[in-house]
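Asks: this one's sequence-less:
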(Lines give C-alpha, C1' and ligand atoms only; values in the text may rest on other atoms or scores of the structure.)
Protein backbone atom coordinates (compact mmCIF):
# COMPACT_ATOMS: atom_id res chain seq x y z
CA UNK A 1 0.00 0.00 0.00
CA UNK A 2 2.74 2.44 0.90
CA UNK A 3 4.17 2.14 -2.64
CA UNK A 4 1.42 4.53 -3.76
CA UNK A 5 3.15 7.32 -1.86
CA UNK A 6 6.08 9.18 -3.27
CA UNK A 7 9.22 8.32 -1.30
CA UNK A 8 12.13 10.37 -2.60
CA UNK A 9 14.63 8.80 -0.21
CA UNK A 10 14.04 5.39 -1.79
CA UNK A 11 13.55 6.63 -5.33
CA UNK A 12 10.01 5.16 -5.39
CA UNK A 13 7.36 6.62 -7.67
CA UNK A 14 3.55 6.88 -7.30
CA UNK A 15 1.23 4.34 -8.93
CA UNK A 16 0.34 6.71 -11.74
CA UNK A 17 3.97 6.79 -12.78
CA UNK A 18 4.07 2.99 -13.05
CA UNK A 19 0.97 3.00 -15.23
CA UNK A 20 2.57 5.55 -17.54
CA UNK A 21 5.76 3.47 -17.62
CA UNK A 22 3.82 0.30 -18.49
CA UNK A 23 1.95 2.11 -21.26
CA UNK A 24 5.20 3.51 -22.57
CA UNK A 25 6.71 0.01 -22.40
CA UNK A 26 3.85 -1.42 -24.45
CA UNK A 27 4.29 1.37 -26.96
CA UNK A 28 8.02 0.57 -27.15
CA UNK A 29 7.25 -3.10 -27.76
CA UNK A 30 4.87 -2.16 -30.55
CA UNK A 31 7.41 0.20 -32.03
CA UNK A 32 10.10 -2.49 -31.81
CA UNK A 33 7.85 -4.96 -33.64
CA UNK A 34 7.21 -2.37 -36.31
CA UNK A 35 10.92 -1.63 -36.56
CA UNK A 36 11.72 -5.33 -36.95
CA UNK A 37 9.10 -5.62 -39.66
CA UNK A 38 10.43 -2.52 -41.38
CA UNK A 39 13.99 -3.80 -41.08
CA UNK A 40 13.13 -6.93 -43.06
CA UNK A 41 11.88 -4.68 -45.86
CA UNK A 42 15.35 -3.13 -45.99
CA UNK A 43 17.08 -6.48 -46.48
CA UNK A 44 17.65 -8.51 -49.63
CA UNK A 45 14.19 -9.88 -50.54
CA UNK A 46 15.80 -13.22 -51.41
CA UNK A 47 16.33 -13.88 -47.70
CA UNK A 48 12.62 -14.79 -47.51
CA UNK A 49 13.32 -17.77 -49.76
CA UNK A 50 16.40 -19.21 -48.05
CA UNK A 51 17.22 -20.61 -44.63
CA UNK A 52 20.27 -20.74 -42.38
CA UNK A 53 22.43 -23.76 -43.20
CA UNK A 54 22.03 -26.58 -40.70
CA UNK A 55 23.26 -30.17 -40.40
CA UNK A 56 20.45 -32.42 -39.20
CA UNK A 57 21.62 -34.47 -36.24
CA UNK A 58 24.57 -32.17 -35.55
CA UNK A 59 28.25 -32.81 -36.12
CA UNK A 60 29.15 -35.07 -33.19
CA UNK A 61 28.60 -38.83 -33.03
CA UNK A 62 30.39 -42.04 -32.14
CA UNK A 63 30.33 -42.97 -35.83
CA UNK A 64 30.13 -39.80 -37.93
CA UNK A 65 29.37 -40.46 -41.59
CA UNK A 66 27.17 -37.49 -42.49
CA UNK A 67 29.49 -34.88 -44.05
CA UNK A 68 31.48 -36.79 -46.68
CA UNK A 69 34.71 -36.35 -44.75
CA UNK A 70 37.84 -38.48 -44.92
CA UNK A 71 37.94 -41.11 -42.16
CA UNK A 72 41.66 -40.40 -41.68
CA UNK A 73 43.26 -37.34 -40.09
CA UNK A 74 46.80 -36.25 -41.02
CA UNK A 75 49.48 -38.19 -39.14
CA UNK A 76 50.91 -36.49 -36.07
CA UNK A 77 54.41 -36.22 -37.54
CA UNK A 78 53.08 -34.21 -40.49
CA UNK A 79 51.02 -31.95 -38.23
CA UNK A 80 54.14 -31.26 -36.16
CA UNK A 81 56.07 -30.30 -39.30
CA UNK A 82 53.28 -27.96 -40.38
CA UNK A 83 52.93 -26.32 -36.97
CA UNK A 84 56.70 -26.03 -36.61
CA UNK A 85 56.86 -24.00 -39.80
CA UNK A 86 53.73 -22.01 -38.99
CA UNK A 87 54.96 -20.87 -35.57
CA UNK A 88 57.88 -19.11 -37.25
CA UNK A 89 55.51 -16.97 -39.32
CA UNK A 90 54.76 -13.41 -38.12
CA UNK A 91 51.22 -13.55 -36.69
CA UNK A 92 50.99 -9.76 -36.32
CA UNK A 93 51.20 -9.24 -40.09
CA UNK A 94 48.51 -9.74 -42.69
CA UNK A 95 49.03 -12.63 -45.07
CA UNK A 96 49.53 -11.76 -48.71
CA UNK A 97 46.48 -10.38 -50.55
CA UNK A 98 46.22 -13.76 -52.27
CA UNK A 99 48.03 -16.92 -51.12
CA UNK A 100 50.56 -16.88 -53.93
CA UNK A 101 52.78 -19.63 -52.49
CA UNK A 102 49.84 -22.00 -52.21
CA UNK A 103 48.62 -21.11 -55.69
CA UNK A 104 52.08 -21.75 -57.14
CA UNK A 105 52.34 -25.09 -55.34
CA UNK A 106 48.96 -26.27 -56.61
CA UNK A 107 49.60 -25.02 -60.13
CA UNK A 108 52.86 -26.98 -60.21
CA UNK A 109 51.06 -30.04 -58.84
CA UNK A 110 48.42 -29.85 -61.59
CA UNK A 111 50.85 -28.86 -64.32
CA UNK A 112 49.03 -25.65 -65.25
CA UNK A 113 50.20 -22.00 -65.35
CA UNK A 114 50.01 -20.23 -62.01
CA UNK A 115 47.96 -17.53 -63.73
CA UNK A 116 45.21 -20.15 -64.12
CA UNK A 117 44.88 -20.83 -60.38
CA UNK A 118 43.07 -18.99 -57.57
CA UNK A 119 43.05 -20.23 -53.96
CA UNK A 120 40.23 -19.60 -51.46
CA UNK A 121 39.18 -20.23 -47.89
CA UNK A 122 37.40 -23.45 -48.82
CA UNK A 123 35.58 -24.11 -52.09
CA UNK A 124 32.41 -22.51 -50.68
CA UNK A 125 34.13 -19.14 -50.56
CA UNK A 126 35.24 -19.68 -54.13
CA UNK A 127 31.66 -20.42 -55.13
CA UNK A 128 30.64 -17.02 -53.72
CA UNK A 129 33.44 -15.40 -55.72
CA UNK A 130 32.55 -17.12 -59.00
CA UNK A 131 28.80 -16.54 -58.63
CA UNK A 132 29.40 -12.85 -57.89
CA UNK A 133 31.51 -12.62 -61.03
CA UNK A 134 29.03 -14.45 -63.26
CA UNK A 135 25.53 -13.65 -62.00
CA UNK A 136 23.28 -10.72 -61.14
CA UNK A 137 19.64 -9.60 -61.41
CA UNK A 138 17.93 -11.10 -64.43
CA UNK A 139 20.79 -13.37 -65.48
CA UNK A 140 20.08 -17.08 -65.95
CA UNK A 141 21.89 -20.02 -64.35
CA UNK A 142 21.28 -23.66 -65.25
CA UNK A 143 21.51 -26.10 -62.34
CA UNK A 144 20.82 -29.83 -62.70
CA UNK A 145 18.76 -31.03 -59.75
CA UNK A 146 19.19 -32.36 -57.20
CA UNK A 147 22.60 -30.81 -56.62
CA UNK A 148 24.61 -28.96 -53.97
CA UNK A 149 22.17 -26.63 -52.21
CA UNK A 150 24.58 -23.68 -52.05
CA UNK A 151 24.25 -23.12 -55.82
CA UNK A 152 20.57 -22.27 -55.55
CA UNK A 153 21.12 -20.18 -52.43
CA UNK A 154 23.72 -17.99 -54.15
CA UNK A 155 21.63 -17.62 -57.30
CA UNK A 156 18.64 -16.47 -55.25
CA UNK A 157 20.75 -13.98 -53.30
CA UNK A 158 21.99 -12.53 -56.58
CA UNK A 159 18.40 -12.34 -57.88
CA UNK A 160 19.18 -14.52 -60.87
CA UNK A 161 16.75 -16.83 -62.62
CA UNK A 162 17.34 -20.54 -61.99
CA UNK A 163 16.78 -22.97 -64.86
CA UNK A 164 16.39 -26.39 -63.23
CA UNK A 165 17.06 -29.59 -65.17
CA UNK A 166 15.97 -32.77 -63.35
CA UNK A 167 18.19 -35.85 -63.23
CA UNK A 168 17.01 -39.09 -64.81
CA UNK A 169 15.03 -41.52 -62.62
CA UNK A 170 18.21 -43.43 -61.69
CA UNK A 171 19.77 -40.09 -60.57
CA UNK A 172 22.10 -39.91 -63.60
CA UNK A 173 22.56 -36.60 -65.44
CA UNK A 174 20.22 -35.94 -68.36
CA UNK A 175 22.78 -34.51 -70.76
CA UNK A 176 20.34 -34.00 -73.63
CA UNK A 177 17.98 -32.05 -71.38
CA UNK A 178 20.88 -29.87 -70.17
CA UNK A 179 21.87 -29.08 -73.76
CA UNK A 180 18.29 -28.35 -74.75
CA UNK A 181 17.55 -26.12 -71.75
CA UNK A 182 20.81 -24.21 -72.11
CA UNK A 183 19.97 -23.48 -75.75
CA UNK A 184 16.27 -22.72 -75.35
CA UNK A 185 16.67 -20.59 -72.20
CA UNK A 186 19.86 -18.85 -73.43
CA UNK A 187 21.46 -19.26 -70.03
CA UNK A 188 24.50 -17.22 -68.95
CA UNK A 189 25.98 -19.68 -66.48
CA UNK A 190 25.91 -23.48 -66.04
CA UNK A 191 26.90 -25.30 -62.85
CA UNK A 192 27.85 -28.98 -63.09
CA UNK A 193 28.71 -30.80 -59.88
CA UNK A 194 30.46 -33.91 -61.16
CA UNK A 195 30.72 -36.22 -59.36
CA UNK A 196 27.49 -34.83 -57.98
CA UNK A 197 26.49 -34.30 -54.39
CA UNK A 198 24.00 -35.63 -53.33
CA UNK A 199 23.39 -38.18 -56.14
CA UNK A 200 26.99 -39.56 -56.37
CA UNK A 201 26.83 -39.66 -60.19
CA UNK A 202 29.22 -38.21 -62.80
CA UNK A 203 29.20 -36.72 -66.26
CA UNK A 204 31.74 -38.03 -68.75
CA UNK A 205 34.44 -35.68 -70.01
CA UNK A 206 32.83 -35.83 -73.47
CA UNK A 207 29.50 -34.74 -71.93
CA UNK A 208 31.16 -31.74 -70.27
CA UNK A 209 32.99 -30.84 -73.49
CA UNK A 210 29.74 -31.05 -75.44
CA UNK A 211 27.87 -28.84 -72.96
CA UNK A 212 30.65 -26.23 -72.76
CA UNK A 213 31.10 -26.22 -76.52
CA UNK A 214 27.40 -25.88 -77.30
CA UNK A 215 26.38 -23.23 -74.81
CA UNK A 216 27.17 -19.53 -74.94
CA UNK A 217 27.74 -19.56 -71.18
CA UNK A 218 30.37 -19.84 -68.49
CA UNK A 219 30.48 -23.47 -67.33
CA UNK A 220 31.55 -24.19 -63.75
CA UNK A 221 32.59 -27.80 -63.14
CA UNK A 222 32.63 -28.56 -59.42
CA UNK A 223 35.05 -31.45 -58.92
CA UNK A 224 34.92 -31.78 -55.14
CA UNK A 225 34.92 -35.58 -55.44
CA UNK A 226 36.99 -36.07 -58.59
CA UNK A 227 39.67 -38.16 -56.88
CA UNK A 228 37.07 -40.90 -56.32
CA UNK A 229 35.62 -40.80 -59.84
CA UNK A 230 35.91 -43.24 -62.70
CA UNK A 231 35.69 -40.32 -65.14
CA UNK A 232 38.44 -38.00 -66.33
CA UNK A 233 38.80 -34.49 -64.93
CA UNK A 234 37.60 -31.43 -66.82
CA UNK A 235 41.04 -29.88 -66.24
CA UNK A 236 41.85 -31.24 -69.69
CA UNK A 237 39.45 -28.66 -71.14
CA UNK A 238 41.03 -25.55 -69.58
CA UNK A 239 43.40 -24.86 -72.46
CA UNK A 240 40.93 -25.58 -75.27
CA UNK A 241 37.74 -24.08 -73.84
CA UNK A 242 37.91 -20.48 -72.58
CA UNK A 243 34.51 -20.66 -70.83
CA UNK A 244 35.27 -23.57 -68.43
CA UNK A 245 36.09 -23.14 -64.73
CA UNK A 246 37.07 -26.13 -62.60
CA UNK A 247 36.42 -25.96 -58.85
CA UNK A 248 38.44 -28.09 -56.44
CA UNK A 249 38.40 -28.65 -52.67
CA UNK A 250 41.01 -30.07 -50.32
CA UNK A 251 38.32 -31.15 -47.85
CA UNK A 252 37.59 -34.64 -49.21
CA UNK A 253 40.45 -36.72 -50.61
CA UNK A 254 43.14 -34.55 -49.00
CA UNK A 255 41.44 -34.77 -45.57
CA UNK A 256 41.71 -31.02 -44.90
CA UNK A 257 38.07 -30.12 -44.20
CA UNK A 258 39.09 -28.35 -40.99
CA UNK A 259 41.73 -26.18 -42.70
CA UNK A 260 39.46 -24.76 -45.45
CA UNK A 261 41.24 -24.79 -48.82
CA UNK A 262 39.60 -24.49 -52.23
CA UNK A 263 40.73 -23.65 -55.76
CA UNK A 264 39.39 -22.41 -59.06
CA UNK A 265 41.29 -23.30 -62.24
CA UNK A 266 40.60 -21.76 -65.66
CA UNK A 267 42.34 -19.98 -68.52
CA UNK A 268 44.26 -16.86 -67.41
CA UNK A 269 42.05 -14.35 -69.25
CA UNK A 270 38.91 -15.61 -67.51
CA UNK A 271 40.74 -15.87 -64.19
CA UNK A 272 41.62 -12.15 -64.31
CA UNK A 273 37.91 -11.39 -64.35
CA UNK A 274 36.52 -13.86 -61.80
CA UNK A 275 39.26 -12.88 -59.35
CA UNK A 276 37.94 -9.30 -59.16
CA UNK A 277 35.26 -9.96 -56.46
CA UNK A 278 37.61 -12.23 -54.48
CA UNK A 279 37.89 -11.26 -50.78
CA UNK A 280 41.51 -10.24 -50.02
CA UNK A 281 43.47 -11.81 -47.16
CA UNK A 282 40.91 -14.64 -46.85
CA UNK A 283 43.45 -17.50 -46.80
CA UNK A 284 45.97 -17.58 -43.98
CA UNK A 285 49.53 -18.86 -43.91
CA UNK A 286 48.54 -22.01 -42.03
CA UNK A 287 46.41 -23.10 -44.99
CA UNK A 288 49.27 -22.45 -47.41
CA UNK A 289 51.82 -24.34 -45.34
CA UNK A 290 49.44 -27.26 -44.81
CA UNK A 291 48.66 -27.49 -48.51
CA UNK A 292 52.31 -27.48 -49.53
CA UNK A 293 53.26 -30.12 -46.96
CA UNK A 294 50.40 -32.42 -47.94
CA UNK A 295 51.19 -32.09 -51.64
CA UNK A 296 54.81 -32.97 -50.82
CA UNK A 297 53.56 -36.14 -49.12
CA UNK A 298 50.84 -36.99 -51.62
CA UNK A 299 51.28 -40.75 -51.17
CA UNK A 300 49.17 -40.29 -48.03
CA UNK A 301 46.33 -39.08 -50.25
CA UNK A 302 46.66 -41.86 -52.83
CA UNK A 303 46.67 -44.47 -50.05
CA UNK A 304 43.53 -42.95 -48.53
CA UNK A 305 41.74 -42.82 -51.90
CA UNK A 306 42.68 -46.44 -52.60
CA UNK A 307 41.27 -47.49 -49.24
CA UNK A 308 38.03 -45.55 -49.76
CA UNK A 309 37.48 -46.99 -53.25
CA UNK A 310 38.02 -50.52 -51.95
CA UNK A 311 35.67 -50.01 -49.01
CA UNK A 312 33.09 -48.27 -51.20
CA UNK A 313 32.83 -51.31 -53.43
CA UNK A 314 32.77 -53.70 -50.46
CA UNK A 315 29.97 -51.82 -48.70
CA UNK A 316 28.06 -51.45 -51.99
CA UNK A 317 28.15 -55.21 -52.61
CA UNK A 318 27.05 -55.96 -49.06
CA UNK A 319 24.14 -53.54 -49.31
CA UNK A 320 22.96 -55.21 -52.53
CA UNK A 321 22.09 -58.28 -50.48
CA UNK A 322 19.76 -56.37 -48.10
CA UNK A 323 16.18 -56.55 -49.37
CA UNK A 324 15.02 -53.47 -47.43
CA UNK A 325 17.70 -51.27 -49.01
CA UNK A 326 18.08 -49.95 -52.55
CA UNK A 327 21.67 -48.84 -53.09
CA UNK A 328 22.90 -46.64 -55.95
CA UNK A 329 26.27 -47.10 -57.63
CA UNK A 330 28.62 -44.32 -56.53
CA UNK A 331 31.41 -42.28 -58.10
CA UNK A 332 32.26 -40.45 -54.85
CA UNK A 333 33.40 -41.20 -51.30
CA UNK A 334 29.78 -41.70 -50.20
CA UNK A 335 26.85 -43.97 -50.98
CA UNK A 336 23.14 -43.25 -51.43
CA UNK A 337 20.50 -45.72 -50.29
CA UNK A 338 16.71 -45.65 -50.48
CA UNK A 339 14.74 -47.20 -47.63
CA UNK A 340 11.06 -47.51 -46.67
CA UNK A 341 11.09 -44.62 -44.18
CA UNK A 342 14.25 -42.52 -44.21
CA UNK A 343 13.32 -40.44 -41.17
CA UNK A 344 12.70 -43.53 -39.07
CA UNK A 345 15.90 -45.22 -40.19
CA UNK A 346 17.85 -42.00 -39.58
CA UNK A 347 16.57 -41.86 -35.99
CA UNK A 348 17.27 -45.56 -35.43
CA UNK A 349 20.85 -45.20 -36.62
CA UNK A 350 21.32 -42.03 -34.57
CA UNK A 351 20.10 -43.89 -31.48
CA UNK A 352 22.83 -46.47 -32.17
CA UNK A 353 25.47 -43.73 -32.35
CA UNK A 354 25.65 -43.72 -36.16
CA UNK A 355 25.13 -40.35 -37.83
CA UNK A 356 24.21 -40.32 -41.54
CA UNK A 357 22.54 -37.66 -43.69
CA UNK A 358 18.84 -37.68 -44.50
CA UNK A 359 18.69 -36.30 -48.04
CA UNK A 360 15.00 -36.98 -48.57
CA UNK A 361 14.31 -33.26 -48.90
CA UNK A 362 16.04 -33.15 -52.27
CA UNK A 363 14.00 -33.50 -55.46
CA UNK A 364 13.79 -37.13 -56.65
CA UNK A 365 15.45 -38.43 -53.47
CA UNK A 366 12.45 -39.36 -51.33
CA UNK A 367 13.40 -41.72 -48.48
CA UNK A 368 17.09 -41.54 -49.34
CA UNK A 369 20.01 -41.52 -46.89
CA UNK A 370 23.62 -40.59 -47.61
CA UNK A 371 26.74 -41.73 -45.76
CA UNK A 372 30.44 -41.50 -46.51
CA UNK A 373 32.87 -44.39 -46.34
CA UNK A 374 34.29 -44.66 -42.83
CA UNK A 375 36.76 -46.88 -41.03
CA UNK A 376 36.35 -50.63 -41.56
CA UNK A 377 34.65 -51.22 -38.22
CA UNK A 378 32.35 -48.21 -38.78
CA UNK A 379 31.28 -49.51 -42.18
CA UNK A 380 30.65 -52.98 -40.79
CA UNK A 381 28.55 -51.68 -37.94
CA UNK A 382 26.45 -49.57 -40.31
CA UNK A 383 25.85 -52.47 -42.71
CA UNK A 384 24.92 -54.82 -39.86
CA UNK A 385 22.39 -52.33 -38.54
CA UNK A 386 20.88 -51.73 -41.96
CA UNK A 387 20.59 -55.51 -42.33
CA UNK A 388 18.18 -55.61 -39.40
CA UNK A 389 15.64 -53.31 -41.07
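Replies: Here it is on my side, so go on. Fair warning: this is a prediction, and the values are worked out from it, not measured in the lab.
Asks: Quick check: next helix or strand after the one helix or strand residue 40 maps to?
Replies: Secondary structure from DSSP states H and E places residue 40 in helix 15-42. Next along the chain after helix 15-42, taking DSSP H and E as the criterion, comes strand 63-64.
Asks: neighbouring contacts of that following strand?
Replies: 353-355, 374, 378, 381-382 (Cβ atoms under 8 Å, 6 or more residues apart in numbering). Using the backbone N, CA and C atoms, a C-beta is placed for each residue, glycine as well.
Asks: quick one, domains of the protein?
Replies: If you go by automatic domain parsing, the domain ranges for the chain are 2-42, 63-69+300-386, 76-297.
Asks: Looking at those, spot the one closest to residue 49.
Replies: Nearest to residue 49 among the domains of the chain is domain 76-297; the distance by Cβ to Cβ comes to 5.4 Å.
Asks: one step back: same list, the domains of the chain, but as JSON lines with mean pLDDT, distance to residue 50 and mean neighbour count please.
Replies: Output for the domains of the chain, formatted as JSON lines (pLDDT from 0 to 100; distance: least, Cβ to Cβ, whole Å; neighbours: other Cβ atoms under 10 Å):
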{"stretch": "domain 2-42", "mean pLDDT": "54", "distance to residue 50": "13", "mean neighbour count": "10"}
{"stretch": "domain 63-69+300-386", "mean pLDDT": "97", "distance to residue 50": "14", "mean neighbour count": "18"}
{"stretch": "domain 76-297", "mean pLDDT": "98", "distance to residue 50": "5", "mean neighbour count": "19"}
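Asks: out of the ones you listed, nearest to residue 48?
Replies: Set against residue 48 and scored by Cβ to Cβ, the domains of the chain come closest in domain 2-42, at 8.1 Å.
Asks: Quickly find the element holding the residue nearest to the spatial centre of the chain.
Replies: Geometric centre of the chain, nearest residue: residue 124, 5.7 Å, by Cα atoms, centre = their mean. Here residue 124, judged by DSSP H and E, is contained in helix 123-134.
Asks: Would you mind identifying the next helix or strand past that helix?
Replies: Per DSSP H and E, helix 123-134 leads on to strand 140-145 as the next helix or strand towards the C-terminus.
Asks: Report all helices and strands that that next one contacts.
Replies: If you count contacts as 3 or more Cβ pairs under 8 Å, 6 or more residues apart in numbering; DSSP states H and E, strand 140-145 packs onto helix 149-157, strand 161-166, helix 175-185, strand 189-193.
Asks: Dump the ones you listed into TSV; add distance to residue 269 as well.
Replies: Formatted as TSV, the helices and strands packed on strand 140-145 follow (distance: least, Cβ to Cβ, whole Å):
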stretch	distance to residue 269
helix 149-157	24
strand 161-166	26
helix 175-185	22
strand 189-193	17
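Asks: Let me know which of these is the nearest to residue 252.
Replies: Closest among those, using Cβ to Cβ: strand 189-193, at 12.6 Å.
Asks: okay, the angle between the closest one and strand 140-145?
Replies: Direction vectors for strand 189-193 and strand 140-145, defined by axes from the mean of the first three to the mean of the last three Cα atoms, to 10 degrees, enclose an angle of 20 degrees.
Asks: And stretch 336-352, how far out from the chain middle?
Replies: The chain centre lies 23 Å from the centre of stretch 336-352; the measure is Cα atoms, centre = their mean, to the nearest Å.
Asks: so what's residue 164 up against?
Replies: Applying Cβ under 8 Å, 6+ apart to residue 164 gives the contacts 143-145.
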